[in-house]
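Visitor: A predicted structure for the sequence below; I have some questions about it.
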Amino acid sequence: MNQLLSVGVDGVIYSAWLFTAALGLTLIYGVMKIVNVTHGSFYALGAYAGASITGAWLARGYPPMLSYAVLLGSALLVTLVVAPLIERAILRFMYAKDEVVILLITYALFLILEDVIKLVWGVNPYFIAEPYALLGSFSVAGLAYPTYNLILVALALVAGLGLAWILHSTRVGKLLLAVIHDPEISRAMGINVDRYYLVTFTFGSLLAALAGAYTAPTVSVVPGLGVEIIVLSFAVVVIGGLGSLPGAALGAVIVGVVRSLSVHYMPQVELFVIYFVMAMVLAFRPRGLFSLAEPRRI
Amino acid sequence: MKKLVVALVAAALAPVAAAQNVKIGVVTFLSGPAAAPFGVPAKNAAEFVVEALNAGKGPAPYTKRGFGGAAIEVVMLDEAGSTTTQVTEFRNLVQRANVDLVIGYVSSGNCLAIAPVAEELKKLVNFFDCGTPRIFEDGSYEYVFRTSPTATMDSVGAALYVKDAKPGVKSIAGINQNYAWGQDSWGDFELAMKMLVPSVETKTSQMPKLFAGQYNAEISALMSAKPDVIHSSFWNGDLEALILQGGPRGLMKQSLTILTTGETAMHKLGAQIPDGTVLGARGPFGPYAPNNAYNKWFHGGYVGKYKEEPNYASYQMAQAFLGVKLAWEKAQDASGGKRPTNEQVAAALKGSTFEGPGGTVRMAIGKGHQAIMETAYGQTRMAGGKLTVVNVKRYPAEQVNPPEGVKSSDWIKSGFKAK
Amino acid sequence: MTRDRTPLLIGVILVALLAGGAFLPQWAMFMVTIAIARGLVALGLMLLLRAGLVSFGQALYYCLGAYAAGALGRFFGISDIFAQMLAGAAAAGVAAFILGFLLAKYRGIFFGLLSLALSMILYGLLVKNEALGSTDGFNILPSTLFGIRPGPDWVRYAVLAAAAVVALLLALAVNRYLNTPLGRLAPAIKDNEIRVEYMGASARHAVHVMYVIAAVLAGVGGALAATTVGHIDPDMAFWTTSGEFIFITILAGTGSVVAPFAGALLYGVIHTTAYDLSPNTWQLSLGAALLLIIVFLPEGLWSLFPQRRWR
C-alpha cells in the first residue's frame, strides 16, 4: 500500500511536469496548426536563462526566497526576446506552406537555436541547488519528497486552469476559439488573425520556457536538454489529441502514472513504455483521445 | 576542404624545424552532453601536454621536444554525431588530412566501429577513454591500442571496495543509464558482488533512459527498497541530477552509494555530495593520483593554465600522449634516427610499460595492446570547505583486470581466477 | 505523351559512376556510397511524399535492413553484399507488410507520429538487447562479392560499383512503377481521397503498397550503409536519423527518381563541410542551410533543372 502511495505521488509530480512542458505545444498546434519543434529550444532557453540568472542572483546574496520570482522573470525575458523574433521574421511568411514543411522549418530553427545556446552559455553544466532545498521536504509513505515539487504541481494547475479560463470566459479567448475553428472566416469577420498567431506563439513558447526554468533547480542544465523534451511532449500531446487542452492533461496523467508504475514494478520496460502507449492509443483512437473535429473535403 | 587546425608550434620555439611536424588527429566531444565532463577536459589536457612537450618541458624520460624532436601538430575533431559520421570523418582525417596517427574516442560504440577501419587504413589509433572490454576481447588488431584500462576494472574495484567497506552487506541495488555502458557496468558489478558475497540479494535495478534528467520516481523506488548499497555509473548531467535530487531526500545517507565515475562531479558539485559517498575515478586519477613527478608536472601545469582541476579524462588523455611518445622515440632510435612508420611505433608500443601522472601503465593484455593499471576508491568528506576523499583503498592491477586471453565476463564468473 | 528521359539519365549516371568511380580518392568513394544508401531511403520517402504522407519513422526499416545484414554475417557467416541487401529488403518488406495494415489508415501528421513511435519502439528493443550489443552495436563482416573478398585497395570501389548497380536498377523499377495505374494514384490520394474511392480504387491498398515499397528501399539502403560503415547500432532507428532522411528528401525535391541521390550527396557534402569549417557550431550551419533551401528552393534541388513534369 505504501508502495502504491509513492507511485501515486511520483506519478503526479511527473505528470505535472509533463503537462506544463507539453501544454504550449498543443496550444500552438490548436491555433496555428503547426507542429512546433522549437518547443524544445524554448524549454532549454528557459532552463539556461533561469539557471544562469538565478545563479547570479543567489551569488550576489540577494534573498533566496525571491529566486522563484527570478525564475519566472528569466523565462519571460528570454521568451519575449526570442519568440516574437522567430514568428515575425520567419514563420509569418510560411503559414501558407504545407504542414510538414513548416515542421521542417521549426526543426531547422531548433538546430540553429541549439548552437546559439551553446555559443551564449557554453557547454558547462549550470545548476542552482538552493531553490530546490530551500522549502524543505514533506513525507509520504515514509519517503521524503522535497516540497519544491509541489511548485511544479502548482505551476501545472495554474497554467492549465488559467488557460482554460482565458479560452472560455474572456473575449480574447473566445475570439481565439474562433480562430482555432476557422482562420479564414475569422479574418473575414475582422479578427486580426496575424496578431493572434503572434500572441499564441509567444504564449505557447513562454509555457515551455517556464517549464524549463522551474525544472532547472532540480537538474543540472546541460546541452541536449531540449531534445528529450520534444519527444516526450509530442507523445503526451498526440495521446491526448493535438490541440486539445483536456487531452494534454489526460495524456500527461496517463504517461506519468504508467511510467511511475513501470519504474516501481517493472523497470526494464521503462525505456519504451511511452512509445508503446502512444502507439496503442493511436491504434485505437487515430486522432488521439480528445481530438478537434475537422471538416472533410469532398 | 580545410580542417580546423590547432597549430601548437609556438612562435617562441627555436626555428629551423628541419624535422617535419608530427600530425596527430585528436577526436573527442566538443559539443553535446559529453563535452563538459569528458571532451573539454580531455581537449584541454591534450593542448597542455602538446604545448609542454613542444617546448621540451616534459619530465624525464619525456624530455625530448615533441615526438623525437619533431613538433606536434594537432588536428581536433568533434566526436559528436552518429557512428556513420564518425567513421566518415575518421577516414577523412586519415586520407584527406593525412595525419600520422590518431588519439581519441570516448564513446565505446565509436571505438568498436573505428577499430576495423584503422586496421583497414593501416593507421595507428590509440583509444584514450572508451570503456568496453569488447575491443580486444572480440578481435585482435595490429594498429589499435588503448592506454587506459577497461570499464571492467571500475565494476570489479567497486565490488571489492563495497566488500571491504561494508563487510556485512546483504542487499544491493543499482541505478544506471539504460544503454551499453550502464548495462555493462551494472552487470559486471552485480556479478562481481555475487562472486565475492554469494548471499547478497539484488533489490532492484533501475535503468532510466539516458539523459532522462528526472529521477524522482527511481529515487522513490530505491528508497522504498532500502538496499545496503546503491551502485551507479551515471555521468555528467544525469549524475549531477541524481546528486541534486537524491541528496536532499537522504538517498546517500540511507544506503552506501558508490558512483563509479563520480570524480567528474567532485569539483563542481562538491558541496552537494553527502559525506560518505564513494567516488570512483576510473583508475588512479584525480584525487587518487600518486604523488609522483609526472603528476606534479601535469596537475600543476593544468591548474596553472586552466585554473581548474583536471579530471580523469584529462589524465587518460595525458597518458595516451606520453605512451605513444615513448614508443615513437624508441622506434625512432631503433631505426637509426629516421622517422618511424606506424608499424614500428606499434611494435614499440605493444607490451610496453610506462609511467604517467596516474602511475604505472602496463600494456599487458589484449596481446599487448590493452593497458592495465591499479584502481582506487574512496569516500567523500567535506573538510574546511573543500571536498576530500578518505578511506582510500587501492587494488593492484592483477586483482581488478582479467588476465591475458580471458574475457572479462568469464573471468568474473570463474571467481577472478588468475591464469 | 512526352518521352520519359529518366531511364536514359539513369543509364548515363550508372556508366559515369562505374567508369569514373575508380579514379576517385577512397574517401570520396566512401561518401558516394553512403549517399547512394541514403538516397535509396529518400527515394522511398519521395514515393510516400507524392501521396501526401510523411513518414517520421523511416529509420525503422533502415535499421532493420542494417541489422538483417549484420545478423546474416554474425549468425550465418554470410557476407556476400548482394545477399546482405536482399536480407535487408526482405526483413524490411515483411515488417512493412505487417505494420502497413495499421499504418495505411492514417494520414497527415498522425501517420508521421505513429511511424515515429514505431521506430522508437524498435530503438528501445534494440537498446535493451544486450546480445546484440545494446547501444554499442556490433561490427559487420567485410563484404564479399560473389565469393571473392576484395583486397583493401579494391574494396571501396567494389562496394561502390555494387551499390550503384543495385540502386540505379531499383530507381529504374520505381520509375516504371510510377507510370502504372497504382503509381499514378498517389497525387490523387494527396488531393482528394474520397474521390479516389468513388472512382473505385482503394486508397488504403495503394498506400499499403507504397509503404512496403518505401520500406524495401530503406531496407536495402540500411544494409548497404551497414556494410560500408562496417558497424551497426540502434542509433540507426533513432528519430534524428529519420529526420536526416526527411531533410534529404526535401532537399532533393520530387522532380525525378534520381533527385534523392543528388540530395543525399549534397547533404553529405554540407555535413562534412559543416564539421570541417565549424566544428563547434555545425548544427547551426546545418540548420541554416536547411532553412535557406526550404525558403528559396521550395521544390527542392531538382527544380533548378528544367522540368518535364510528370505527375
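Guide: Received, thanks.

Visitor: Mind jotting down where the strands sit in the chain?
Guide: No chain in the question, so chain A it is. For chain A, the strands defined by DSSP state E cover A:137-140, A:143-146.

Visitor: Wait, chain C was what I had in mind.
Guide: Going by DSSP E, chain C shows strands at C:138-139, C:231-232.

Visitor: related to what we said a few turns ago, turn the strands of chain A into a markdown table, including distance to B:Ala70.
Guide: No exception for glycine: its C-beta is placed from N, CA and C like everyone else's. Formatted as a markdown table, the strands of chain A follow (distance: least, Cβ to Cβ, whole Å):
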| stretch | distance to B:Ala70 |
| --- | --- |
| strand A:137-140 | 61 |
| strand A:143-146 | 57 |
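
Visitor: Point out the most buried one among those strands.
Guide: strand A:143-146 (a mean of 21; mean count of other Cβ atoms under 10 Å in any protein chain shown).

Visitor: what's that strand packed up against?
Guide: Where contact means 3 or more Cβ pairs under 8 Å, 6 or more residues apart in numbering or on different chains; DSSP states H and E, strand A:143-146 is packed against helix A:2-32, strand A:137-140, helix B:216-225.

Visitor: Check whether the longest one comes into contact with chain B.
Guide: Yes. Applying Cβ under 8 Å from any Cβ of the partner chain, one finds that helix A:2-32 is in contact with chain B at A:2-3, A:6-7, A:9-11, A:13-14, A:17.

Visitor: What is the most widely separated pair among those?
Guide: Spatially, the most separated pair among the residues of helix A:2-32 next to chain B is A:Asn2 and A:Trp17, at 23.1 Å (Cβ to Cβ).

Visitor: Identify the residues contacting B:Arg211.
Guide: One thing to correct before we go on: residue B:211 is Phe, not Arg. By Cβ atoms under 8 Å, 6 or more residues apart in numbering or on different chains, the contact set of B:Phe211 is A:224, A:227-228, B:33, B:237-238.

Visitor: can you check B:Ala60 too?
Guide: B:Ala293.

Visitor: Helix, strand, or coil at it?
Guide: Look at B:Ala60: counting by DSSP: H, G, I helix; E, B strand; the rest coil, its state is coil.

Visitor: quick one on the thing from earlier: pick out the shakiest of the strands of chain C, pLDDT-wise.
Guide: When the strands of chain C are compared by mean pLDDT, strand C:138-139 comes last with a mean of 87.

Visitor: can you tell me which of the strands of chain C comes nearest to chain B?
Guide: strand C:231-232 (3.4 Å; Cβ to the nearest Cβ).

Visitor: That closest one packs against which elements?
Guide: helix B:108-121, helix C:59-76, strand C:138-139.

Visitor: change it to 10 Å
Guide: Judged by 3 or more Cβ pairs under 10 Å, 6 or more residues apart in numbering or on different chains; DSSP states H and E, strand C:231-232 is in contact with helix B:83-95, helix B:108-121, helix C:59-76, strand C:138-139, helix C:203-229.

Visitor: worst average pLDDT in these?
Guide: strand C:138-139 - the lowest mean pLDDT of those, at a mean of 87.

Visitor: Helices of the chain, start to end?
Guide: You didn't pick a chain, so chain A it is. A:2-32, A:39-59, A:67-89, A:99-121, A:130-134, A:148-169, A:171-181, A:183-188, A:193-215, A:225-240, A:245-265, A:273-284 (DSSP state H).

Visitor: switch to chain C, that's the one I care about
Guide: Ranges of helices in chain C, per DSSP H, are C:6-20, C:26-50, C:59-76, C:81-103, C:108-128, C:155-178, C:181-191, C:193-199, C:203-229, C:239-252, C:259-277, C:282-296.

Visitor: So which residues on the stretch 1-150 of chain A come close to chain B?
Guide: A:2-3, A:5-7, A:9-11, A:13-14, A:17-18, A:47, A:114-115, A:118, A:122-129, A:132-133, A:136-137, A:140-149 (Cβ under 10 Å from any Cβ of the partner chain).

Visitor: Could you check which residue of the stretch 51-200 of chain B lies nearest chain C?
Guide: Counting by Cβ to the nearest Cβ, the stretch 51-200 of chain B gets nearest chain C through B:Ala113, at 3.4 Å.

Visitor: Settle this for me: B:Tyr105 is touching B:Asn126, isn't it.
Guide: Yes. Between B:Tyr105 and B:Asn126 a contact is recorded at 9.0 Å, counting by Cβ atoms under 10 Å.

Visitor: between these two, what contacts are shared?
Guide: The contact sets of B:Tyr105 and B:Asn126 overlap at B:Arg146 (Cβ atoms under 10 Å, 6 or more residues apart in numbering or on different chains).

Visitor: interface residues of the stretch 1-150 of chain C facing chain A?
Guide: Residues of the stretch 1-150 of chain C lying close to chain A (Cβ under 10 Å from any Cβ) are C:49, C:52-54, C:56, C:102-103, C:105-125, C:127-128.

Visitor: So among these, which ones count as buried?
Guide: C:49, C:52-54, C:56, C:103, C:105-107, C:109-124, C:127-128 (16 or more other Cβ atoms under 10 Å in any protein chain shown).

Visitor: Leaving out sequence neighbours, find the closest residue to residue 32.
Guide: Using chain A. A:Tyr197 (5.6 Å; Cβ to Cβ, 6 or more residues apart in numbering or on different chains).

Visitor: Let me rephrase: I mean chain B.
Guide: B:Ala80 (4.6 Å).

Visitor: Would you mind measuring from the residue nearest in space to the middle of chain C to chain B?
Guide: Residue closest to the average C-alpha location in chain C (Cα atoms, centre = their mean): C:Val41, at 0.9 Å. According to Cβ to the nearest Cβ, to the nearest Å, C:Val41 stands 12 Å off from chain B.
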